[in-house]
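Asker: Below are the sequence and a predicted model for it; my questions follow.
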Amino acid sequence: MLDFILSPAYAQQAGQQPGALIQFAPLVVLVILFYFMLIRPQMKRAKEQKEMLSSLAKGDEVVTAGGLAGKIATIGENYLSLEVADNVVIKIQKSSVSSVLPKGTLKNL
């Protein structure tokens, strides 16, 4: 009686396995997608930020990552002095500069 319920299963002959390239195709597509959608734009932004930081000069008007806007008073290797108001100068790291403003922007604020 149990023999009928638990009869051995007969495996069908297995079909051909897909090639290795077909199996890894989705993985390759994902890697390419990640490169063009995440890695490449991030590398481009980092390059632009590095170029912007290397081109800073005395008198440039900048905005920091914290939102402070001011004019560059002096520039050092890693730090710069930012004049945020008349006779108010603060030292910040160069890397905290997020953007350079067009000349005369601070007068209009």
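Answerer: Perfect, thanks for sending it. Residues are numbered from 1 along each chain as shown.
Asker: so where's this protein shaky on pLDDT?
Answerer: For the chain, residues meeting the criterion pLDDT under 70 lie at 1-16.
Asker: And the residue nearest the centre of it?
Answerer: Nearest to the centroid of the C-alpha atoms of the chain, with distances taken as CA atoms, centre = their mean, sits residue 42, at 3.4 Å.
Asker: Double-check that residue 39 belongs to a helix.
Answerer: Yes - counting by DSSP: H, G, I helix; E, B strand; the rest coil, residue 39 falls inside a helix.
Asker: could you check the distance from it over to residue 45?
Answerer: 11 Å (CB to CB, to the nearest Å). C-beta: built from backbone N, CA, C; applies to glycine.
Asker: do residue 109 as well
Answerer: 26 Å.
Asker: for residue 37, same thing?
Answerer: 13 Å.
Asker: Next: residue 38.
Answerer: 11 Å.
Asker: okay, residue 109 and residue 45: which has more neighbours?
Answerer: residue 45 (10 against 7; other CB atoms under 10 Å).
Asker: Which helix or strand contains the more buried one?
Answerer: Residue 45 is part of helix 40-54, with elements assigned from DSSP states H and E.
Asker: Could you list every helix and strand in contact with that helix?
Answerer: Judged by 3 or more CB pairs under 8 Å, 6 or more residues apart in numbering; DSSP states H and E, helix 40-54 is in contact with strand 97-101.
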